[in-house]
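In: Got a predicted model here, sequence first, then my questions.
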Amino acid sequence: MKDYVEIGAASAREQWCSIRIRTPVTAGRQVAFLPVETLACLAASLLVDHRKYGGATAHKAEEPVPALARLFQRPNSSILAKMANLDGSRRNGAKHEIEVAGHLLAVPGRLGAVYRVILAAARDVGIGPERLPDFLGLADGDSELLLLGQDELVRTEIEVAVQAISADWLESRADLDDRTTERLLVAAVRVGQHRFAHQVLRNHGHRCVFCGLSISFNGSSAARMLVASHIKAWRASTYSERLDARNGLTACPTHDVAFDTGLITANGGLRIHLKPSLIAAADVDPAARAAFGRPPLADRLLLPAGALPPRAKYLTWHHQHVYREIPHPPYGSSTSGGRRVERPEQAAR
């Protein structure tokens, strides 16, 4: 394990040099993965879920899988299989690789440090961004590896999720000790949340869907200016719903909290609604108006061209379970601050 978690710059450069002169294997077994390849695949697993692709769909795998496959002179399926080895989902996955993954994912900063070493070594031997992109955005030494969306997770809920899958896991990987198993299962939950948040942010063009706030600079500070949260709460969602990017909205912190606490919602027509009390506050309070007036609040969710809209079933869940406290008057029968208060389901018509 030391060759991986404590990899040095000289060793990484030597490995990258051998990869540069590698030729594709057209018949027989492929060459064994070098530590830098395995570590790059582990880093890529923060962005790509290998479970989305089978043997017939491996060619459709998203970046950075194709870039790594070209660089390593391997098919996409080989990169995806290595990812499966690392998260323990393959029965014949090498135990030492699983232990490496468990150790590095237990504390994201460890993986970030190793990623910087192998990325710098690749650049030292002439492997530029066109062949090995900085897909985690850590080339700038001031950047930190942050797992996105972790504020949505509560430790007790993680423990419940881990217990739900631990029985099947222990049966298939009885060769792993309890500590490694626990690390990997917790990491699976946290990494899954990170992938979800990454996909939601990308789908919405890294822009608040409520007010349009967009951050153009990189770094940990910028990462905290936008939040990708579930519409149907993580704790109430099934496994597949937790990973569904169409169950998420990108928002600035103010509008994220407002949505999470039911002060605002959106209906099936993507129209944004506010609680009457919030509308009234915005009428008389300049600070409230600065956040919840129109503008900056849009009439409908701001989605970029080509974005996948949130699924109606998730918006319905939010309206029924989070925004439901509002006693709606008959449509058109009352006003708040001079505005008619509409029922979300009616406004969608």
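Out: Now that the structure is in, tell me what you want to look at. Numbering: from 1, shown residues only.

In: Can you give me the domain assignment for this protein?
Out: For the chain, automatic domain parsing gives the domain ranges 2-145, 165-347.

In: Between the ones you listed, which one is closest to Val154.
Out: domain 165-347 (7.4 Å; Cβ to Cβ). In short, each C-beta sits where N, CA and C put it, glycine included.

In: Now do that closest one, average pLDDT.
Out: Averaging pLDDT along domain 165-347 gives 83.

In: Spit out the contact partners of the spatially most central residue of the chain.
Out: Central residue of the chain (Cα atoms, centre = their mean): Arg195, 2.4 Å from the mean position. The contact partners of Arg195, by Cβ atoms under 8 Å, 6 or more residues apart in numbering, come to 46-49, 243.

In: Same check on Gln73?
Out: Contacts of Gln73 (Cβ under 8 Å, 6+ apart): 19, 22-25.

In: switch to 10 Å and redo it
Out: 19, 21-25, 30-31 (Cβ atoms under 10 Å, 6 or more residues apart in numbering).

In: Can I get those residues in a markdown table including distance to Glu6 and neighbour count?
Out: Shown next, in a markdown table, are the contacts of Gln73 (distance: Cβ to Cβ, whole Å; neighbours: other Cβ atoms under 10 Å):
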| residue | distance to Glu6 | neighbour count |
| --- | --- | --- |
| Ile19 | 20 | 19 |
| Ile21 | 26 | 7 |
| Arg22 | 25 | 14 |
| Thr23 | 30 | 7 |
| Pro24 | 31 | 10 |
| Val25 | 29 | 13 |
| Gln30 | 26 | 13 |
| Val31 | 23 | 14 |
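
In: Go through those and name the one nearest Leu138.
Out: Distances from Leu138 to those, taken by Cβ to Cβ, are shortest for Ile19, at 20.2 Å.

In: Quick one: classify that closest one as helix, strand or coil.
Out: helix (DSSP: H, G, I helix; E, B strand; the rest coil).

In: That one reaches Arg70, doesn't it?
Out: No: if you go by Cβ atoms under 10 Å, Ile19 and Arg70 don't touch, sitting 11.1 Å apart.

In: Find the residues that touch each one of those two.
Out: With Cβ under 10 Å, 6+ apart as the test, Ile19 and Arg70 both reach 131-132.

In: The contacts of Gln73 in strands, which ones?
Out: Among the contacts of Gln73, none falls in strands (DSSP state E).

In: Looking at those residues, spot the one nearest Leu297.
Out: Using Cβ to Cβ, Ile19 comes nearest to Leu297 of the contacts of Gln73, at 50.9 Å.

In: hmm, back to that, and the residue nearest to the centre of the chain, what element?
Out: Using DSSP states H and E, Arg195 falls within helix 178-203.

In: how distant is that helix from the center of its chain?
Out: Chain-centre distance of helix 178-203: 8 Å, with Cα atoms, centre = their mean, to the nearest Å.

In: tell me which residues in that helix are buried?
Out: Residues of helix 178-203 classed as buried: 180-201, 203 (neighbour count, 16 or more other Cβ atoms under 10 Å).

In: Also stretch 287-306?
Out: Using 16+ other Cβ under 10 Å as the test for burial, stretch 287-306 gives 289, 291-292, 296-298, 301-303.

In: Find the nearest non-adjacent residue to Leu201, please.
Out: Residue nearest to Leu201 in three dimensions, not counting chain neighbours: Ala228, with 5.0 Å by Cβ to Cβ, 6 or more residues apart in numbering.

In: and what of Gly55?
Out: Ser77 (6.3 Å).

In: Next SSE downstream of the host helix or strand of that neighbour?
Out: Take DSSP H and E as the rule and Ser77 turns out to sit in helix 76-86. Per DSSP H and E, the first helix or strand lying C-terminal to helix 76-86 is helix 95-106.

In: what's the angle from the helix or strand just after that following helix to helix 178-203?
Out: Using DSSP H and E, the helix or strand that follows helix 95-106 in sequence is helix 108-124. Interaxial angle of helix 108-124 relative to helix 178-203 (axes from the mean of the first three to the mean of the last three Cα atoms, to 10 degrees): 70 degrees.

In: Glu14 is in contact with Ile21, isn't it?
Out: No: here Glu14 lies out of contact with Ile21, judged by Cβ under 10 Å, at a distance of 11.9 Å.

In: which residues of this protein fall in strands?
Out: Under DSSP E, the chain gives strands at 227-230, 248-251, 264-266, 272-274, 335-336, 339-340.

In: so how far is Glu130 from the closest residue to Glu37 other than its chain neighbours?
Out: Distance criterion Cβ to Cβ, 6+ apart; nearest residue to Glu37, sequence neighbours excluded, is Phe72 at 5.5 Å. Phe72 sits 15 Å away from Glu130, going by Cβ to Cβ, to the nearest Å.

In: Check Leu86 too.
Out: In this view, Leu86 and Glu130 are 26 Å apart by Cβ to Cβ.

In: between those two, who's got more neighbours?
Out: Of the pair Leu86 and Glu130, Leu86 is the one with more neighbours under other Cβ atoms under 10 Å, namely 26 against 7.
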